[in-house]
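Trainee: Sharing a model prediction with you, sequence too.
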Amino acid sequence: IAPVASGQEIKISRQFGLPYIPLIIMEQQRLIEKHARLLGAGEVSTKWSTVGTSTATLDGLLSRNIDFASAGITVVLTLWDKTAGTQNEIMAISGISSFPYPLVTNNPKVKTLRDFGPDDRIALPAVKVSVQAIVLQMAVAKEFGADKRALLDAQTVSLSHPDAAVAVMSKRSEINSHFSYPPYSQQELKAPGVHAVLWANDVTNGPATTIEVVTSRRVLQENPKWVDAFLAAQEEANALIAAKPREAAQIYLAATKEKMTADELTEILSDSQVRVSTTPFNTMLFANYMKEAGSIKRAPASWKDYFFPVAHKLPGG
């Protein structure tokens, strides 16, 4: 294992939305830098970037331009399947969160999945591979049968959550629907003429850890203390969110400039279905579906197959 040098830069990416609040707190309070010092890793700096789509996350990890990233569980499984056994093997080290999220539309004719017509366009973070894309397939399979799971795929469009929310609320775009995420989903549902067609938790039979922290085996071997510092920082951020949700909401708003109030965000964070935890749960649901659908070639025996051993002590699922 290579020694950890002081003064090194850790490159981290995340996506838009409230589910990434632990990472925003980690950045704003410089928690990784703090825990790196405590763990004897010396002085490190962090370079944070926000990417709009799952595809950008994939590219950053595979090109080694990112050391740690937040990725949907479906992207985690895709990366695990594609990179297994390589020096650049990519897997998860922790869960991040689970928030209720709806498929919304501004088309008054669309009440159920059966009402989507050929001119409707559904925005999601990445066609075919994002969590929203796979949950949409799951919902379609339940409604129309497993052989029709890809029925609405051709009507999906890759777009960041903020841009998709603007498109749906403005009603000036061909994109009239969005498989959304907090806080954008709350903003959309308050807009005149926008309503929910379905909620993801109804498709997955309850909450599931939809986003994880991922890294490569290279980072794990070369800089194991980076990984330890990241996880310790994440636990500290999670503890703040649990104990002081309003303070956490204020940190999030100051960093993101989202057009919501601290009260509104605190209310979202107190939802009984919201879980902010490093422990992954209900992720095998996605693994089993993706293997059955042919999205991944390998079938994991358990969640520990696509999480590095640093996470195995967690009571995951």
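Mentor: Thanks, I have the structure now.

Trainee: so for stretch 169-181, what's the average pLDDT?
Mentor: Stretch 169-181 comes out with an average pLDDT of 95.

Trainee: Endpoints of that stretch, how far apart?
Mentor: Using Cα to Cα, to the nearest Å, one end of stretch 169-181 lies 14 Å from the other.

Trainee: What are the contacting residues of that stretch?
Mentor: 16-19, 99, 101-107, 110, 116, 119-124, 132-133, 135-136, 157, 159, 161, 164-165, 167-168, 184, 187-188, 191, 193-194, 197, 200 (Cβ atoms under 8 Å, 6 or more residues apart in numbering). For every residue, glycine as well, the C-beta is placed using N, CA and C.

Trainee: what do you get if the cut-off is 6 Å, keeping everything else the same?
Mentor: 17, 101-107, 120-124, 132, 157, 161, 164, 167-168, 188, 191 (Cβ atoms under 6 Å, 6 or more residues apart in numbering).

Trainee: Remind me what the worst-scoring helix or strand of the chain on mean pLDDT packs against, helices and strands.
Mentor: Taking mean pLDDT, DSSP states H and E as the measure, helix 54-62 is the helix or strand of the chain with the lowest mean score, a mean of 77. Contacts defined by 3 or more Cβ pairs under 6 Å, 6 or more residues apart in numbering; DSSP states H and E place helix 54-62 against strand 68-72.

Trainee: following the strand it packs on, which helix or strand comes up?
Mentor: helix 73-83 (DSSP states H and E).

Trainee: could I have that following helix exported to CSV, CA atoms only?
Mentor: Provided in CSV are the C-alpha atoms of helix 73-83 (Å, rounded to 0.1, in the frame of the first residue of the first chain):
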residue,chain,number,x,y,z
ILE,A,73,-27.8,2.0,-6.9
THR,A,74,-28.5,1.1,-10.5
VAL,A,75,-25.3,2.8,-11.6
VAL,A,76,-23.4,1.1,-8.8
LEU,A,77,-24.6,-2.3,-10.1
THR,A,78,-23.8,-1.4,-13.7
LEU,A,79,-20.2,-0.3,-12.7
TRP,A,80,-19.7,-3.4,-10.5
ASP,A,81,-20.8,-5.6,-13.4
LYS,A,82,-18.6,-3.9,-15.9
THR,A,83,-15.4,-3.3,-13.9
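
Trainee: Of the contacts of stretch 169-181, which belong to strands?
Mentor: 102-105, 122-124, 157 (DSSP state E).

Trainee: Now do Lys259: how many residues are near it, please.
Mentor: 9 (other Cβ atoms under 10 Å).

Trainee: residues touching it, list them.
Mentor: Per Cβ under 6 Å, 6+ apart, neighbours of Lys259: none.

Trainee: coming back round to it: list of residues touching the least confident helix or strand of the chain?
Mentor: By Cβ under 6 Å, 6+ apart, helix 54-62 touches 13, 51, 66, 69, 71-72, 75, 90, 125-126, 129-130.

Trainee: Run through the helices of the chain in chain order.
Mentor: Listed in chain order, the helices of the chain (DSSP state H) span 21-28, 31-38, 54-62, 73-83, 131-144, 161-170, 184-190, 200-203, 217-222, 224-243, 245-256, 262-269, 284-293.

Trainee: Looking at the ones you listed, which is nearest to Lys313?
Mentor: helix 224-243 (10.7 Å; Cβ to Cβ).

Trainee: For that closest one, buried residues please.
Mentor: Going by neighbour count (16 or more other Cβ atoms under 10 Å), the buried part of helix 224-243 is 224-238, 240-241.

Trainee: Same question for stretch 37-49.
Mentor: Buried residues in stretch 37-49 (16+ other Cβ under 10 Å): 41, 44, 46, 48.

Trainee: Please apply the same query to stretch 156-169.
Mentor: Under 16+ other Cβ under 10 Å, the buried positions of stretch 156-169 are 156-169.

Trainee: Looking at those, spot the one nearest Gly317.
Mentor: His161 (26.3 Å).

Trainee: which residues does the closest one contact?
Mentor: 16-17, 181, 184.

Trainee: Kindly recompute the last result at 7 Å.
Mentor: By Cβ atoms under 7 Å, 6 or more residues apart in numbering, the contact list for His161 reads 16-17, 125, 180-181, 184.

Trainee: Can you give me the pLDDT of it?
Mentor: His161 is given a pLDDT of 93.

Trainee: This completes my enquiry, with thanks.
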